[in-house]
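A.B. asks: just to be clear, the model below is a prediction. Sequence and coordinates:
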Amino acid sequence: MISQLTAAVAALSLWSGASAATPSIPLLKSLVASPQDACKLAAGPQGRKEAGFDLGGNNVKSTGTLKGWMMFVDFPDAQTNGSDSQALFDTHAAAVSQFYQTSSYGKLSVELSADTQQVYRMPSISTSYGWADGLKPYYLEMYIQDALDAYMHAHNADGDASVLPEMDVLYLIPPPTADFFNSNTFMYEPEIRVPNAGGNGTVGNDTTATNGTAGTAVAHRAIAFGHDIFHEDGYKVLVHETGHTMGLPDYYLTDGSELPGALVGGFSLMAVTFEQAPDFFAYDKWRMGWMADSAVHCITEKGSTTHVLSPLEKKVEGSESTQAVVVATSGTTALVAEARTKNGVDDELCGAGVLLYTVDSNVPSGQGPVRIINGLDSDLRWCGGYPSNLAPLSFTKPRKSSLTVEKWGITVTLTEHDEVTDNWTIKVDYK
Ligand SMILES: [Zn+2]
């Protein structure tokens, strides 16, 4: 969905240039379809969509049913008898499905299936796919094609994509015995296609083997998992990668210059997968279609307003509840407030309170499109977590009940916490 505001602003610019008049704010407002549209940030330049409101494009749909298929592979030099496949599938599939069901308030069903009866042998040894260099697209493509070929071959159907299960996302699981140099997981973004040509199709130098206009589309995305998937809580790696398939960015600094939670603490598993408050940000839930416009208060004009925030992690009943306050400071930047509580997938959280963060759709994935306003000057590991599971706005020390974002002239003050409803009242002063 293209933001109505984007269309409105484009139309306004055209009109403005033709008449040399200064467009008035009332005219802009009259062109905006709903009061929340002004807070739906446009994508940044160069088609950077990571933090823009529109998640469409070739991304996997974030509402309805997402079908994922897990395929277990091994290698000539790292073989497995597959005895772990069923156990891994059982723990991960149920947990992933439950996570998305809870976080999306029932808007997204992730249905995972797997062939746990067979491990498919890759034609090349485990180290031949370039994991040591970060599994570059060429090797990733080869890895995916080899896996699909192995499946079709095992079903006596070389080159026949019709034997593959129906899926939106292909999840490739390596054996626990593979001695990878790099434990990271990688996503292949172009649509996965199997060539129509007879035989297995060629990988070699033919980069259209899995990506191109020819052939049969078998999945929107493929994920090649590393060893992180085998860790306790490895299912959250699957949740993270599935978030990418729907268009969400990385919220940790991908250049490795700082610890994974440096920018957003432990408050989104798009940054850290092993923390106490892994739920998706309200801004992400909103743009994924899980949160209605009516649950968002959008501020575009200066002044003082008061808002009652309901817990982000609970399904909101009725139209009176607010789960996010968004102050749009430009067409591509905003400050967001949401209440993070010990509920839903954040049930381990110890530092409940109100979270404030900036969103900037000009900043690409992995470079900080979302940053929490911290305000804490004491030990961030106060909760025993790493690096921070303390929502910065709270009545509990060492946190503060008021924080100011100087560059935008916005002060957010916590005025009340209702212990019964777990609702948090904030006052927003936008000068
Ligand atoms: Zn990621």
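C.D. replies: Yes, it's here. Residues are numbered from 1 along each chain as shown.
A.B. asks: now Leu248: closest residue in space, sequence neighbours ignored.
C.D. replies: Closest residue to Leu248 apart from its sequence neighbours, by Cβ to Cβ, 6 or more residues apart in numbering: Met270 at 5.4 Å. Where you see a C-beta, it was placed from the backbone N, CA and C, and this is true even at glycine.
A.B. asks: what of Val119?
C.D. replies: Counting by Cβ to Cβ, 6+ apart, Val119 lies nearest to Gly82, which is 4.1 Å off, once chain neighbours are set aside.
A.B. asks: what residues does the one you found make contact with?
C.D. replies: Phe72, Thr116, Gln117, Gln118, Val119 (Cβ atoms under 8 Å, 6 or more residues apart in numbering).
A.B. asks: and those, which are buried?
C.D. replies: Phe72, Thr116, Val119 (16 or more other Cβ atoms under 10 Å).
A.B. asks: quick one: least confident of those residues?
C.D. replies: Lowest pLDDT of those: Thr116, 93.
A.B. asks: contacting residues around it?
C.D. replies: Phe72, Gly82, Ser85, Gln86, Phe89.
A.B. asks: wait, doesn't Ile373 sit right on Pro392?
C.D. replies: Yes: because the distance of 6.4 Å satisfies Cβ atoms under 8 Å, Ile373 is recorded as touching Pro392.
A.B. asks: what do the two both touch?
C.D. replies: Leu356, Leu403.
A.B. asks: what pairs with the helix or strand Phe72 falls within, parallel or antiparallel?
C.D. replies: Using DSSP states H and E, Phe72 maps to strand 64-74. For strand 64-74, the paired strands and their directions (DSSP bridges) read strand 108-114 (parallel), strand 120-121 (parallel), strand 169-173 (parallel).
A.B. asks: among the ones you listed, which is nearest Lys236?
C.D. replies: Minimum separation from Lys236 across those (Cβ to Cβ) falls at strand 108-114, 13.0 Å.
A.B. asks: please name the nearest non-neighbouring residue to Ser85.
C.D. replies: Nearest one to Ser85, counting by Cβ to Cβ, 6+ apart, is Thr116 at 4.2 Å.
A.B. asks: where's that neighbour, which helix or strand?
C.D. replies: Secondary structure assignment for Thr116, by DSSP H and E: no helix or strand.
A.B. asks: for it, give its distance to Asp233.
C.D. replies: Using Cβ to Cβ, to the nearest Å, we find Thr116 at a distance of 21 Å from Asp233.
A.B. asks: likewise Ala391?
C.D. replies: 22 Å.
A.B. asks: more neighbours: which of these two?
C.D. replies: A count of neighbours by other Cβ atoms under 10 Å puts Ala391 above the other of Ala391 and Asp233, at 26 against 15.
A.B. asks: may I have the phi/psi pair for that one?
C.D. replies: For Ala391, the backbone dihedrals (degrees, to the nearest 10) come out as phi -60, psi 120.
A.B. asks: list the contacts for it?
C.D. replies: Ala391 makes contact with Phe267, Ala339, Arg340, Gly351, Ala352, Gly353, Val354, Leu355, Arg399 under the criterion Cβ under 8 Å, 6+ apart.
A.B. asks: Three-state assignment for Ala51, please.
C.D. replies: coil (DSSP: H, G, I helix; E, B strand; the rest coil).
A.B. asks: what about the nearest residue to it once chain neighbours are set aside, neighbour count?
C.D. replies: Nearest residue to Ala51, sequence neighbours excluded (Cβ to Cβ, 6+ apart): Pro369, at 3.7 Å. Neighbours of Pro369 under the rule other Cβ under 10 Å: 24.
A.B. asks: for Pro369, give me the pLDDT.
C.D. replies: As predicted, Pro369 sits at a pLDDT of 96.
A.B. asks: residues contacting it?
C.D. replies: Pro369 makes contact with Glu50, Ala51, Pro249, Tyr251, Val359, Asp360, Ser361, Val363, according to Cβ under 8 Å, 6+ apart.
A.B. asks: would you mark the buried spots in stretch 132-150?
C.D. replies: Buried, per 16+ other Cβ under 10 Å, within stretch 132-150: 135, 139-150.
A.B. asks: and those as CSV, adding distance to Ala42, secondary structure and pLDDT?
C.D. replies: CSV is the format used below for the buried residues of stretch 132-150 (distance: Cβ to Cβ, whole Å; DSSP: H, G, I helix; E, B strand; the rest coil; pLDDT from 0 to 100):
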residue, distance to Ala42, secondary structure, pLDDT
Leu135, 32, coil, 78
Tyr139, 35, helix, 87
Leu140, 31, helix, 89
Glu141, 32, helix, 87
Met142, 37, helix, 89
Tyr143, 36, helix, 92
Ile144, 33, helix, 92
Gln145, 37, helix, 90
Asp146, 40, helix, 92
Ala147, 38, helix, 95
Leu148, 37, helix, 93
Asp149, 42, helix, 91
Ala150, 43, helix, 95
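A.B. asks: which one of the residues you listed is nearest to Pro45?
C.D. replies: Among the buried residues of stretch 132-150, Leu140 lies closest to Pro45 (Cβ to Cβ), at 27.1 Å.
A.B. asks: now the residue nearest to the closest one when sequence neighbours are not counted: how far from Leu108?
C.D. replies: In this structure, Leu140 finds its nearest non-sequential neighbour in Tyr188, 5.2 Å apart by Cβ to Cβ, 6+ apart. Distance of Tyr188 to Leu108, given as Cβ to Cβ: 22 Å.
A.B. asks: same thing with Phe225?
C.D. replies: Plainly put, Phe225 is 21 Å away from Leu108 if you go by Cβ to Cβ.
A.B. asks: what comes up buried for stretch 158-177?
C.D. replies: 159, 161, 164-165, 167-175.
A.B. asks: mean confidence for that stretch?
C.D. replies: 92.
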